[in-house]
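**Student:** Have a look at this fold, sequence not included:
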């Protein structure tokens, strides 16, 4: 029985990174304190067929998209806009965030409201996957994985089929 061939391209460039502030919510009365991480991003592109020149995908195009995604998250306070335990309100150029007894206020230009339920490494990996996947339409890539590391030895890999 022949084994199906698979090609897996790994891209983990030094500049696939973003630094941000956040706090993770663990429940109604438990959350991390406000802090930051220097996240590293790695992507895996997988498929079973190469083009006539022996390529699975145009690396340069993928790298541009990953860099742009990292840049869009860099040096910001990331707030999970879909977290039911947070109240988020923007007034006069200030983003006000309330969680339990805590209150935070940030300049609107320093905040990114993300369409996620919490600022976990798991949801960052899924969010980046969702943002990267459309750029791979029409390629030979059929499976995409995005790995986000928040510290050395602590990461989440999110893998799913593209079609």
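**Tutor:** Here it is on my side, so go on. Owing to the predicted nature of the structure, the values given are computational and were not obtained by experimental measurement.
**Student:** Only C-alpha atoms from now on, for both contacts and neighbour counts.
**Tutor:** Noted.
**Student:** Can you say which helix or strand has the nearest residue to residue 90 once chain neighbours are set aside in it?
**Tutor:** On the basis of CA to CA, 6 or more residues apart in numbering, the spatially nearest residue to residue 90 that is not a chain neighbour turns out to be residue 96, at 6.0 Å. Under the criterion of DSSP states H and E, residue 96 resides in strand 94-99.
**Student:** Need the contact partners of that strand.
**Tutor:** Strand 94-99 is contacted from outside by 85-90, 103-108, 111, using CA atoms under 8 Å, 6 or more residues apart in numbering.
**Student:** Looking at those, which is nearest residue 21?
**Tutor:** residue 111 (9.3 Å; CA to CA).
**Student:** Hmm, residue 74 and the closest one touching each other?
**Tutor:** No - Residue 111 is beyond contact range of residue 74, at 10.3 Å (criterion: CA atoms under 8 Å).
**Student:** quick check: longest strand of the chain.
**Tutor:** Ranked by number of residues, the top strand in the chain under DSSP state E is strand 35-47.
**Student:** Now the closest residue to residue 26 other than its chain neighbours. Its backbone dihedrals?
**Tutor:** The spatially closest residue to residue 26, leaving aside those adjacent along the chain, is residue 32, at 7.8 Å (CA to CA, 6+ apart). With angles defined as degrees, to the nearest 10, residue 32 sits at phi -70, psi 160.
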